[in-house]
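1. Next input, structure requested:
(chains A and B)
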Amino acid sequence: MTAIPYDKDYASELIARHGARPEMLVQILHTFLERFAWIPEVAIRQLAEELNLSRADVHGVVSFYHDFRTTPPGKHVVRICQAEACQAMGSNSLSAHAESVLGLKMHESTDDVTLEPVYCLGNCACSPAVMVDGDTFGRVDNRRFDDIVDAMKGTD
Amino acid sequence: MATIKVYVPRETAAISVGANEVASEMERRAEQAGEEIQLIRNGSWGASWLEPMVEVEVGDSRIAYGNVTTGDVAGLFEAGFLEGGEHPLRLGPTREIPYLANQDRWSFFRCGLIDPLSVENFQEHKGFTGLEKALADGPESVLSAVLKSGLRGRGGAAFPTGIKWRTVADAEADQKYITCNGDEGDSGTFSDRILMEGDPMSLFEGMAIAGYAVGASKGYIYLRSEYPITYKILQEALDNSRSAGWLGENIRGSGFDFDIDVHLGAGAYICGEETAMLESLEGKKGIIRYRPPLPAHEGLFGKPTVVNNVVTLASVPDIINLGGECYAEYGVGRSKGTLAFQLAGNIKRGGLVEKAFGVTLRELIEDWGGGTASGRPVRAVQVGGPLGAYLTADQLDIPMDYEAFSAIGAIVGHGGIVVFDDSVDMAAQARFAMEFCAIESCGKCTPCRIGSTRGVEVIDRIVAGMDREKNYNLLVELCDTMEDASLCAMGTMTPYPVRSVIKHFAEDFGAEEVEERVNE
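-> Okay, the predicted model is just below:
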């Protein structure tokens, strides 16, 4: 699903789909991520208003969870697992390779690509693991990483 | 000619190495060859090292082919694989693959075998019979069977499930909840995922039985967001279970109502801690709660709540079917039944191995795992996730048993086993334990929030050779403080891997004086 720019009316509709209940905040934020790719400040205000929460409450939740980004990501998001099982199979050197191939450091973004660490994709028997635009890849060595990146760019 | 059944897993690990592409190629080639096949997207049997593992039904058995790529499909058709023909990738009948044949499959016996989305297929293999029996026997009988089974929480804390359920059953409230903790965040673990993807209805059945036993009509599965495929499978399986009348109002005319929602986490490891998970389910920050009150008394939305791990709940239907005593016959000491061990990291044959407690770590790593993937010697093994101790190559004869691990300052946890070869830098692993805690701490208590950051700094100073003796003592003291004064397992157990490195791998801190101290 291609992300669209933040739209207040549409956001309102998404909130209503979750019953506009405050206990659904985390789930609503996921829906926002799926549709808008990130959580802008205006979304935080709107959520506070429509769920009858304080802005501090909503901001607290948004900033607590790693998933809820508050800046726009690149067109593609590349996440490289940094947890122990992947470390044991060379995720550190894979990460260094990814940084050099993409010309980015971890946590950095261009319009095209965002590069992020992730702590476990649950694919630990096929380490090292990488997630690209929500798809998980296993047994990723440098060459396979390059192929994955080529395929990713091919979808543009 | 009859339609031939071909199985290609729809499971994260298999898909991560090309199962979807193999499935499409199978269909394309079959059409080209004019063969009628029924492609079934089963779960994984758990032999992840063989994925994508394709099976074809031939007579009464299923013939497996391992590590199939799209490029192999044409050759497989030429070799007559639809009749189970010879081919270099042929593994023989699935049931006879030693990795699978030598397991004690209790909770995972349907994983790989069935179509996870088919209620009918689930019922052909005893599905929902546990719930039917529970509804016939009554709640007291369920509570007693679970207590007798000796089943302990499989999430890591190993609390007796029967006692937890009894507490919630005895609590007076207008509403109670069953919550399933599917926030499987420990590195090296994936058993919850394999179960939810391969046999999701067994989890629903276990939750419904729990709901019936304690008087709850509502269940939640809290699933980590790193599992998008699992999420889709759960949703589809829930829809099918509801349509068949196994969830919802008045289940199969019993008068018992029970339904389940799936909620996603959002990338916070701490939400695997039960009270943080409850906060997150309420739409809040995943900050842990003080205990007491226990969730069994005041849990989700302040109501009595069962919080159980995925595998714990999925183990229940067969405990009801076969009786608690039968389950308790497996295992050793107070570690009853089986655990799904997960072989991960630098290991030749990684995957899921369900065995009765008592199997040794060496048997798992060597007999099933085949040693390291790199072929180099094993140097360290982390058991039980990022909060688990590192064991040395000399400690591998330890039986997998909660009490035996506890006696050496280690944990079995959720059964994750991460193997490292001799190229590992253990000082870096100790540092990572502290760093991970600093990244993932919820921030509620000081020892965890601040201690972890100070821990990283102290380890950096030791490695850099700055005031080694002094900083070494400080690290030991910091571990004591975190362990004694943190509010939950994140802070109290982050010292476990660190201490194990201090004790067994001190040479990696690069300090002779440290080594001498340790050996005193």
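
2. Mark out where each domain of chain A begins and ends.
-> As assigned by automatic domain parsing, chain A contains the domains A:8-64, A:76-154.

3. Check those domains for me and report the most buried one.
-> For the domains of chain A, the largest average neighbour count (mean count of other Cβ atoms under 10 Å in any protein chain shown) is found in domain A:76-154, namely a mean of 20. In short, each C-beta sits where N, CA and C put it, glycine included.

4. End to end on it, go ahead and measure it.
-> Start-to-end span of domain A:76-154 (Cα to Cα, to the nearest Å) is 12 Å.

5. Could you give the average pLDDT over it?
-> Average pLDDT, domain A:76-154: 97.

6. quick check, it touching chain B?
-> Yes. Domain A:76-154 lies within reach of chain B by Cβ under 8 Å from any Cβ of the partner chain, at A:83-89, A:118-127, A:129, A:131, A:134, A:136-139.

7. ok, back up a step: kindly reformat the domains of chain A as a markdown table containing distance to residue B:55.
-> Formatted as a markdown table, the domains of chain A follow (distance: least, Cβ to Cβ, whole Å):
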| stretch | distance to residue B:55 |
| --- | --- |
| domain A:8-64 | 34 |
| domain A:76-154 | 19 |
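
8. Can you say which helix or strand has residue B:410 in it?
-> Of the helices and strands defined by DSSP states H and E, none includes residue B:410.

9. Model confidence for the nearest residue to residue A:17 once chain neighbours are set aside, exactly?
-> Counting by Cβ to Cβ, 6 or more residues apart in numbering or on different chains, the nearest residue to residue A:17 once its immediate chain neighbours are dropped is residue A:31, at 7.5 Å. Note on residue A:31: pLDDT of 98.

10. check contacts around residue A:31.
-> A:14, A:17, A:18 (Cβ atoms under 8 Å, 6 or more residues apart in numbering or on different chains).

11. ok, and it, which helix or strand is that part of?
-> helix A:25-36.

12. do the same with residue B:314
-> Using DSSP H and E, residue B:314 falls in helix B:310-322.

13. quick check: mean pLDDT across that helix?
-> Average pLDDT, helix B:310-322: 97.

14. Now that helix - C-alpha only, CSV.
-> Taking Å, rounded to 0.1, in the frame of the first residue of the first chain, the C-alpha atoms of helix B:310-322 are listed here in CSV:
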residue,chain,number,x,y,z
VAL,B,310,1.4,-18.8,23.3
VAL,B,311,2.9,-22.2,23.7
THR,B,312,1.5,-22.5,27.3
LEU,B,313,-2.0,-21.9,26.0
ALA,B,314,-1.5,-24.2,23.0
SER,B,315,-0.4,-27.0,25.2
VAL,B,316,-3.7,-27.0,27.1
PRO,B,317,-6.1,-28.7,24.6
ASP,B,318,-4.1,-32.0,24.7
ILE,B,319,-3.7,-31.8,28.5
ILE,B,320,-7.5,-31.8,28.6
ASN,B,321,-7.7,-34.6,26.0
LEU,B,322,-5.2,-36.9,27.5
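
15. Tell me the helix or strand right after that helix.
-> Per DSSP H and E, the first helix or strand lying C-terminal to helix B:310-322 is helix B:324-328.

16. so what does that next one touch, helix or strand wise?
-> Judged by 3 or more Cβ pairs under 8 Å, 6 or more residues apart in numbering or on different chains; DSSP states H and E, the packing partners of helix B:324-328 are helix B:139-149, helix B:310-322.

17. what residue lies at the spatial centre of chain A?
-> residue A:67 (5.5 Å; Cα atoms, centre = their mean).

18. Ignore what I typed, I meant chain B.
-> Geometric middle of chain B (Cα atoms, centre = their mean) lands on residue B:191, at 3.1 Å.

19. could you list every residue that touches the closest residue to that residue other than its chain neighbours?
-> The spatially closest residue to residue B:191, leaving aside those adjacent along the chain, is residue B:340, at 3.9 Å (Cβ to Cβ, 6+ apart). Neighbouring residues of residue B:340 by Cβ under 8 Å, 6+ apart: B:46, B:107, B:108, B:154, B:191, B:194, B:195, B:311, B:352, B:353, B:354, B:415.

20. okay, now the second one: neighbour count?
-> Under the neighbour criterion other Cβ atoms under 10 Å in any protein chain shown, residue B:107 is assigned a count of 29.

21. Residue B:118 versus that one, what's the distance?
-> In this view, residue B:107 and residue B:118 are 19 Å apart by Cβ to Cβ, to the nearest Å.

22. Residues of the stretch 51-200 of chain B that sit close to chain A?
-> Residues of the stretch 51-200 of chain B lying near chain A (Cβ under 8 Å from any Cβ): B:51, B:184, B:185, B:186, B:187, B:188, B:189, B:190, B:193.

23. May I ask which two of those are separated the most?
-> B:51 and B:185 (22.3 Å; Cβ to Cβ).

24. and those two? which has more neighbours close in?
-> A side-by-side neighbour count of residue B:51 and residue B:185, using other Cβ under 10 Å, places residue B:51 first with 31 against 23.

25. leaving aside the residues next to it on the chain, what's closest to that one?
-> Excluding the flanking residues, the one nearest residue B:51 by Cβ to Cβ, 6+ apart is residue B:14, at 4.1 Å.

26. in chain A, which spans are helices?
-> With DSSP state H as the criterion, chain A has helices at A:8-17, A:25-36, A:41-51, A:55-64, A:84-87, A:91-102, A:142-154.

27. Now for the closest residue to residue B:446 other than its chain neighbours: which residues touch it?
-> Take residue B:446 and drop its neighbours on the chain: the residue closest to it by Cβ to Cβ, 6+ apart is residue B:485, 7.8 Å away. The contact partners of residue B:485, by Cβ under 8 Å, 6+ apart, come to B:445, B:446, B:447, B:491.

28. Go through the contacts of residue A:31 and name the one nearest residue B:180.
-> Using Cβ to Cβ, residue A:18 comes nearest to residue B:180 of the contacts of residue A:31, at 20.4 Å.

29. Sweet, I'm off.
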